[in-house]
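build the 3D model from these lines:
(one chain, ligands or ions: 2)
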Amino acid sequence: MTTESKGRTALYFTVLVLSVVILSSLSMALWGEIPETLPSDQELVLQASMTIKEFGEANQLSNTVLKEVFGLASPEDLQRTLSSTGIPLETLSVEVNKVLSLESEHASKNWMKIRLKFVLWAIYLGVAFFLLKMRKITPALRRGLLLGAVVLFGIILGADPSPMGTVKDAVVLFGQTKVIFPPRLIAFTLMLTGGILIANKFLCAWGCQFGTLQDLIFRLNRDSKDRTGVMKQVKVPFAVSNSIRIVFFVLMTLAAVLWATDLIDPIDPFKLFKPLVLGVFSGIFIAVLLIASLFVYRPWCHFFCPFGLVGWLVEKISIYRIQVDYKTCIACDACSKACPSTVMEAVLKRDRIIPDCFSCGTCIGVCPTQSISFKAGKRSVPPAGKFET
Ligand code: SF4
Ligand code: SF4
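Residues are numbered from 1 along each chain as shown. Ligands and ions are numbered 1, 2, ... in the order given. Sure thing, here's the model as predicted:
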């Protein structure tokens, strides 16, 4: 590839990243979220003879909190004494702090923005699904769709919620306070069902703000037909990337449960979409990830992302997925060469472990016999010897 093409890639990369940072700062200043901070555990004033009302006043707890903690049925219940509630005084602080944590989670959310994001995700993924199924995704359209997702779900609608955050925040909140935030559970179920189970890794492919940004950067460093890198690109063996991802997931969970620590927060790449709270360390880490994205396909997704790992497990039973028709396939290998990672190679060789397929459709576009499609059903097994080298 010429020096001119490499220069163009570097220029596009720089313009893209600077635009994301500047525009996200503006968006955040206009309608950013309240930072999520968990209330520190309160030492409560309590005596068995106190009424619930007195207990609430002494500790500045709202009636909503008291209702949640004591399961109050009527205002008269406020006159009951703590000893009559059946809740041991030793566990009362824990119960109150759990309810306060849930309240704080609820208050930190911009619910209008969250609902809007989910509706737009459903529409956007629906359009991408239709285009992929109809074989309409060209290299230029793919870049356009990826850019659209970065702008809409990252710059305009912000870092939260994100598929990754849904898993990470649930683990961390549970580790720190032993509570589960019900709306997050609903979001997680919706994301897994609509974004992974129905269509293989679709939310990651076309909706995740940081995933699509990495994908777009990778495509900036490819020729116009989206087949090879302008600067050399590397396919990391899946055994390596997935092992690191599993270890990272275990460490993240242990840190949350044993030490109430959020291991991802200092390096959270989604903070790129809220640059006003970006620290030096996370800034450097994100810069490294973005530069690496030019050469390695979706490094954060493959090496670190907890949702990526969960999604990889769930995609084993996804309904719609990339499939090869071996009756018409001429074993030319064009698809596995163009595939940004090692997935297609593993599919063709029918490896036992198939890496994450991000349903990008690159393989569909390069197949000379139109033998690859995105459809429902199990993948068929290639005839013995067809792809042996
Ligand atoms: S795997 Fe990648 S695309 Fe999927 S949630 Fe994680 S960062 Fe986003
Ligand atoms: S097999 Fe590779 S090229 Fe085909 S959709 Fe999956 S990731 Fe993309």
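
could I get the buried residue list for the helix or strand of the chain with the lowest mean pLDDT?
Within the chain, no helix or strand scores below helix 89-107, which has a mean of 85 by mean pLDDT, DSSP states H and E. Burial within helix 89-107, assessed by neighbour count using 16 or more other C-beta atoms under 10 Å, is assigned to Leu92, Val96, Asn97, Lys98, Val99, Leu100, Ser101, Leu102, Ser104, Glu105. Just so you know, the C-beta spots here come from the backbone N, C-alpha and C atoms, and that holds for glycine as well.

chain center to that helix: distance?
Remark: helix 89-107 is offset 27 Å from the chain centroid, using C-alpha atoms, centre = their mean, to the nearest Å.

if you count contacts, what does it end up packed against?
helix 63-70, helix 163-177 (3 or more C-beta pairs under 8 Å, 6 or more residues apart in numbering; DSSP states H and E).

can you get me a residue count around Leu313?
By other C-beta atoms under 10 Å, 10 other residues sit near Leu313.

so it sits in a helix?
Yes. Residue state for Leu313 (DSSP: H, G, I helix; E, B strand; the rest coil) corresponds to a helix.

where along this structure do the strands fall?
For the chain, the strands defined by DSSP state E cover 320-324, 372-376.

relative to strand 372-376, how tilted is the first one?
It stands for strand 320-324. Here strand 320-324 runs at an angle of 140 degrees relative to strand 372-376 (axes from the mean of the first three to the mean of the last three C-alpha atoms, to 10 degrees).

stretch 228-236: how far from the chain's middle?
24 Å.

what residues of it count as buried?
Gly229, Val230, Gln233, Lys235, Val236.

going by distance to ligand 1, which of the residues you listed wins?
Nearest to ligand 1 among the buried residues of stretch 228-236, counting by C-beta to the nearest ligand atom, is Val236 at 14.7 Å.

how about the closest one: what's its closest non-neighbour residue?
In space, and not counting its chain neighbours, Val236 is closest to Val296: 5.9 Å by C-beta to C-beta, 6 or more residues apart in numbering.

what's the local residue count around that neighbour?
The local packing of Val296 (other C-beta under 10 Å) involves 20 other residues.

and Leu185, by the same measure?
12.

ok, now how distant is it from Val366?
Separation of Leu185 from Val366 (C-beta to C-beta, to the nearest Å): 40 Å.

for ligand 2, find the nearest of the strands of the chain.
When the strands of the chain are compared for distance to ligand 2 using C-beta to the nearest ligand atom, the nearest one is strand 320-324, at 4.6 Å.

domain parsing for the protein?
Using automatic domain parsing, the domain parsing of the chain gives 3-33+111-313, 52-107, 321-376.

let me have the ones you listed in CSV, extended by distance to Phe387.
Shown next, in CSV, are the domains of the chain (distance: least, C-beta to C-beta, whole Å):
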stretch, distance to Phe387
domain 3-33+111-313, 16
domain 52-107, 50
domain 321-376, 5
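
among the buried residues of stretch 228-236, which pair sits farthest apart?
Comparing all pairs in these by C-beta to C-beta, the longest separation belongs to Val230 and Val236, at 19.0 Å.
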